[in-house]
Structure formats: C-alpha cells, structure tokens
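A.B. asks: sequence-free structure coming up:
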C-alpha cells in the first residue's frame with residue numbers, strides 16, 4: 001500500500017493545525033456556524049441530526065492493521081465505541097465533540113490517514129474494487145492509478161468549488177465490483193495490443209435523477225489518464241449547472257448536452273491540456289507502483305481447510321458464501337460480514353476492528369479492504385489459515401455467512417442520524433435480516449441484493465439493487481417505495497418502481513411476498529432473483545406485491 005512521504009506528512013500537519021485554529025475560533029464565537037460550515041466541510045466534518053459527524057477517508061478502501069487499530073482508538077476514545085463503514089469506502093464517527101476533532105485528525109495523521117475531501121463540492125474519496133490486487137479475474141491492480149488520482153485531485157485549485165460533489169471509481173477487472181457505471185467518472189482498466197489503458201465512463205450517478213454512465217472513450221492510454229480526467233472536469237466545471245443544485249451533477253450536464261458534444265469538448269480541451277503535462281505524473285506513477293507489489297505468496301498444506309470443510313457444517317456454509325477466488329494458488333479472499341442478523345449494516349465496534357486488524361497481521365499479509373457494500377475484506381489469506389480465522393470471527397460476532405444474500409443489506413444511516421433523511425433505514429434493514437433468518441430461507445434464496453435509502457439522495461444505492469427500498473415522508477408518515485431489477489455490476493441497470501409505497505409495518509410482509517413469488521417463479525434453483533426478473537419482467541412481481549384484495553381495499 002502507499003506509504004506517506006515527508007511531504008505528505010508535512011501537508012497533513014499543516015492542514016490539521018489550520019483546522020485546529022478554525023475550531024478554536026468557532027468555539028470562542030469568533031466564527032458563526034455559517035462561517036464555519038465551509039471550513040469544517042473541507043475537513044470531513046458534518047453537522048448531523050444529533051451531533052457532528054466526522055467522515056474519514058479510506059482511499060480506494062485499503063487499510064493496514066495499524067490504521068484499523070487507530071480507527072478503533074478513535075471510536076473508543078472520542079466516540080461511542082464504534083464506527084460506521086460507508087458505501088464510499090469511508091468510515092464515519094457519528095458522535096465526536098467539536099473540541100476533540102482536531103485531536104482525532106492528528107491521531108489519523110500518525111498512521112497516514114485524513115478526512116480531506118470526504119465532503120464538499122470537490123473530488124471525493126477515490127474508490128476501487130475491494131478485491132484489487134487479489135482477484136483472479138483482474139487485468140492489473142487499479143490502486144496505483146487510484147492513488148495517482150488521489151494525489152492529483154487533493155487541493156487541486158480548479159476543482160475545489162465545483163457545482164456539486166464529484167466521485168471517481170476505478171476497477172481492474174471486467175466484473176464490476178466498484179459500481180463504476182454509477183459514478184461521475186468510472187474507469188475500467190483494459191488492454192489493447194499489449195498496452196494498458198482505460199475505458200472511461202462518464203455521467204453516472206444516483207440520487208433524485210439516477211443515470212447509468214456513458215462510455216466517452218473506449219481506450220485511453222495509461223499516460224493520458226490525468227490530462228484526460230482534467231479535461232472532463234474542466235468541461236464540467238464550465239458547463240455544469242449552478243442555478244439548481246439538484247441539476248448540478250455531471251450526469252445532468254451529459255444528459256442535457258449529449259455525450260457526443262461532451263466528447264468533442266473534452267477531446268478539444270484534452271489536446272490543450274496534454275501539452276502542459278511534462279511527464280511528472282508518469283514519474284510519480286512509477287514511484288507509486290512498487291508500493292502496491294503483491295506479497296510473497298507461499299504454498300502451505302491445505303489439509304486443515306479441507307478437513308474443516310468436510311466435517312464442520314458451519315464452517316462450510318461460511319466458506320461457500322464468504323470466500324472468493326484468489327489469483328494465487330492455495331489462497332482465498334475473505335469477506336467479513338458486518339451484517340450480523342439484526343445488527344446495523346456497516347457498523348463495527350472498536351473491539352471488532354482490533355480483531356480484524358489482528359487477523360490481517362497474523363494471516364493476511366497486513367492488508368484489509370473496505371467494500372462499498374459495507375463489509376471488510378482480508379484480500380490475501382492462505383486456505384490453511386481459514387479455520388483459525390473463522391473461529392476468531394465467530395468469537396467476535398463477525399462470522400455471519402451471508403455475503404451476497406438477502407441479509408447482506410446496504411443501508412444508509414437514515415433518520416436515526418442524518419439531517420437530510422425522510423425515513424428510517426436501519427430498523428428496516430434489521431427487520432428484513434431478522435425475518436429471513438427466522439424463516440431459514442436465506443441460502444435457499446441465493447444471491448439477492450437489497451439496498452435501502454432513507455431519502456431521495458440514495459446514499460444506500462437503492463436504485464441499483466435487485467430489490468431497492470426508498471424511504472420517504474408522506475404527510476408525516478414514513479412510506480417505503482420498492483424498485484426492482486436494479487444492478488450495480490458490469491450489466492448495470494436502474495431499478496423500476498413497482499408501484500405505491502408501503503408503511504413501515506407493511507414493508508417487511510411486502511418483501512416476504514416478493515421473495516416467495518420469486519421462489520415459485522424461478523426456472524431452477526440456480527436462477528437468481530435478477531435473472532428471473534429479467535426473464536419475466538415486472539408484472540408477476542407486482543402482482544405479488546399488490547394482491548387483488550389489497551388493491552381493492554385501497
């Protein structure tokens with residue numbers, strides 16, 4: 001992973017000292033809240049429903065054990081003993097006191113972490129495939145490019161006051177595990193005639209106007225990455241709407257201007273910008289790449305894994321759902337679920353963070369990843385160590401065998417925390433997970449992605465869920481709309497609204513009817529919910545959601 005240089009450390013120290021002075025002025029009353037707001041947002045500090053919230057960047061989702069332990073320290077010393085991992089590969093602390101935030105930032109800086117550009121109308125935390133550097137289907141590790149983009153975008157003078165926030169995601173595989181088509185810019189590493197480059201996708205995004213991004217460039221040579229990104233941002237900064245924040249994202253710019261005209265303008269701007277890049281970006285990339293060299297993989301006896309798999313049903317269930325194929329023989333990628341049935345999706349206690357740090361240090365080449373699905377990954381684990389890892393995870397409530405299943409729910413904080421939310425998300429996610437655990441149907445159902453947002457901003461990614469749930473306020477009453485058929489992968493699609501919403505006490509029975517209908521309708525046990533929906537369309541699922549007697553009662 002990337003190691004901070006003296007320059008990086010000095011830069012963070014200066015930024016933190018500056019913010020400490022700003023906090024002191026706010027506490028003394030020298031700054032009003034309106035004056036303080038843009039300053040705190042530049043340092044990842046929000047004012048939520050009940051308290052301040054600090055959002056810490058985990059660039060491209062990569063952590064080591066020391067960094068995870070420092071996050072545990074922040075949770076324990078300055079918060080309520082836990083943190084919340086988000087769909088942007090960040091972690092949020094929901095209860096810090098304003099006077100403590102500068103100390104929190106200094107503690108983060110000690111392990112090469114920060115909260116810069118995790119908020120505001122700027123280029124946000126750059127995200128990547130959480131299996132990066134480990135996946136069997138990967139062309140190359142996308143993280144060096146993500147780090148290069150992070151350095152280029154941090155405090156970039158032209159892009160600190162964009163019309164709206166701007167999000168970039170990078171993947172190195174054909175299988176899209178980074179939701180690149182729902183980002184302002186999505187980058188997929190591809191090769192052509194032996195050369196490495198990028199497929200560039202622009203204009204994706206969710207929120208109140210969800211859109212799937214469009215390909216603006218099929219193959220961009222590696223050396224052209226930063227000038228081309230700068231060209232896109234420059235065109236957006238010029239054309240983007242500033243009269244209406246709800247229409248200020250680049251997806252609206254692309255939609256209103258047209259992808260062909262955007263491509264023409266970007267290409268023209270690129271020609272002018274390319275000459276200004278002296279090659280220092282490529283020298284920096286060359287410096288970065290060796291830091292992401294894969295660990296030295298070893299060959300160990302796998303008999304312990306094979307024995308446990310054959311004799312321990314609980315271990316086998318976990319292995320079948322929570323392990324993924326690794327590029328190295330004898331290794332596996334371990335997904336640690338932060339979705340225990342009835343728990344808050346994405347939350348981890350300080351003790352659980354330390355346990356995961358210990359496992360990474362002992363068995364995982366000191367690497368951890370955060371997924372956009374709010375889980376934690378051990379990317380490099382030899383199979384001989386899996387029984388010991390599973391045992392430790394079970395002791396600490398981290399061995400739920402549900403990755404990709406109905407209880408592996410993405411949920412935003414909703415009205416329990418967020419000042420923008422119009423409905424609760426967390427209790428609905430908890431009830432769904434608990435209900436299907438009681439029914440013992442989860443593994444029979446198979447792959448099924450449920451995602452929940454507590455408002456139209458769609459932080460829970462509900463638009464690209466197989467079953468999406470959007471919580472809204474209807475005359476002071478929480479109302480939950482259902483969308484069906486969304487997809488966050490390489491076959492990305494926006495879900496279709498099924499019909500009228502449901503009250504909080506109706507939504508769980510509605511999901512239950514929907515799932516039972518799928519089990520009856522699927523052509524075979526191997527046909528997933530999404531496959532069934534694409535084969536059959538909305539009608540049979542809508543009939544299950546809104547049975548005739550219920551419709552008549554309305």
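C.D. replies: Arrived safely, thanks for sending. Bear in mind that the values here come from a model prediction, so they are computed numbers and not experimental data. Numbering: from 1, shown residues only.

A.B. asks: C-alpha from now on. contacts and neighbour counts both.
C.D. replies: Noted.

A.B. asks: state the next helix or strand along the chain beyond the one helix or strand residue 21 maps to.
C.D. replies: Using DSSP states H and E, residue 21 sits within helix 6-28. On the C-terminal side of helix 6-28, the closest following helix or strand by DSSP H and E is helix 33-41.

A.B. asks: surely residue 86 and residue 346 touch.
C.D. replies: Yes - the criterion here is CA atoms under 8 Å, and residue 86 meets it with residue 346 at 6.6 Å.

A.B. asks: and for the two, which residues touch both?
C.D. replies: residue 374 (CA atoms under 8 Å, 6 or more residues apart in numbering).

A.B. asks: got phi/psi on residue 29?
C.D. replies: With angles defined as degrees, to the nearest 10, residue 29 sits at phi 90, psi 0.

A.B. asks: tell me the contacts of residue 180?
C.D. replies: When contacts are taken as CA under 8 Å, 6+ apart, residue 180 is in contact with 168-171, 186-188, 201, 204.

A.B. asks: and which of those is nearest to residue 103?
C.D. replies: residue 168 (29.3 Å; CA to CA).

A.B. asks: and the closest one, how many neighbours?
C.D. replies: Residue 168: 24 surrounding residues under other CA atoms under 10 Å.

A.B. asks: confirm residue 377 sits in a strand?
C.D. replies: Yes - using DSSP: H, G, I helix; E, B strand; the rest coil, the assignment for residue 377 is a strand.

A.B. asks: beta partners of it?
C.D. replies: residue 335, residue 369 (DSSP bridges).

A.B. asks: my guess is it contacts residue 364, does it?
C.D. replies: No - contact between residue 377 and residue 364 fails when scored by CA under 8 Å: they sit 9.8 Å apart.

A.B. asks: where do the strands sit along the stretch 251-400 of the chain?
C.D. replies: For the stretch 251-400 of the chain, the strands defined by DSSP state E, counting those that start in this stretch occupy 323-325, 331-336, 347-349, 368-370, 376-382.

A.B. asks: hmm, who's touching the second one?
C.D. replies: Applying CA under 8 Å, 6+ apart, the contact partners of strand 331-336 are 131, 134-135, 322-326, 375-383, 398-400, 403.

A.B. asks: residue 86 and residue 346: who's more crowded?
C.D. replies: Per other CA under 10 Å, whichever of residue 86 and residue 346 has more neighbours is residue 346, with 29 against 25.

A.B. asks: list the contacts for that one?
C.D. replies: Contacts of residue 346 by CA under 8 Å, 6+ apart are 84-86, 338-339, 374-375, 410.

A.B. asks: may I ask which of the residues you listed has the most neighbours?
C.D. replies: Ranking those using other CA under 10 Å puts residue 410 first, with 30 neighbours.

A.B. asks: now the buried members of the contacts of strand 331-336.
C.D. replies: Applying 16 or more other CA atoms under 10 Å to those, the neighbour count classes 131, 134-135, 322-326, 375-383, 398-400, 403 as buried.

A.B. asks: about what we covered before: tell me which of the contacts of residue 180 fall in strands.
C.D. replies: Those of these mapping onto strands are 168-171, 186-188, 201, per DSSP state E.

A.B. asks: state the phi and psi torsions of the residue nearest the centre of the chain.
C.D. replies: Among the residues of the chain, the one closest to the centroid is residue 372, at 2.3 Å (CA atoms, centre = their mean). Main-chain torsions, residue 372, degrees, to the nearest 10: phi -70, psi -10.

A.B. asks: which non-adjacent residue is nearest it?
C.D. replies: The shortest distance from residue 372 to any non-neighbouring residue, by CA to CA, 6 or more residues apart in numbering, is to residue 87 (4.0 Å).

A.B. asks: how is the one you found assigned, secondary-structure-wise?
C.D. replies: coil.

A.B. asks: for residue 511, same thing?
C.D. replies: helix.

A.B. asks: same check, this time on residue 472
C.D. replies: Assignment for residue 472 (three-state DSSP): strand.

A.B. asks: any idea how far it is from residue 495?
C.D. replies: 17 Å (CA to CA, to the nearest Å).

A.B. asks: host element of residue 508?
C.D. replies: Element membership for residue 508, per DSSP H and E: helix 507-521.

A.B. asks: list the buried residues of the next helix or strand after that helix.
C.D. replies: Note on helix 507-521: by DSSP H and E, the next helix or strand toward the C-terminus is helix 529-536. Using 16+ other CA under 10 Å as the test for burial, helix 529-536 gives 529-530, 532-533.

A.B. asks: go through stretch 244-257 and flag the buried ones.
C.D. replies: Using 16+ other CA under 10 Å as the test for burial, stretch 244-257 gives 247-254.

A.B. asks: do the same with stretch 498-510
C.D. replies: Under 16+ other CA under 10 Å, the buried positions of stretch 498-510 are 498, 501-504, 507-508, 510.

A.B. asks: end-to-end on that stretch?
C.D. replies: Distance between the boundary residues of stretch 498-510 (CA to CA) amounts to 11 Å.

A.B. asks: same deal with stretch 200-211?
C.D. replies: 16 Å.

A.B. asks: show the average pLDDT along that stretch.
C.D. replies: Here stretch 200-211 scores 97 as its mean pLDDT.

A.B. asks: that one: how far from the chain's middle?
C.D. replies: Offset of stretch 200-211 from its chain centre (CA atoms, centre = their mean, to the nearest Å): 15 Å.

A.B. asks: nothing else from me, thank you.
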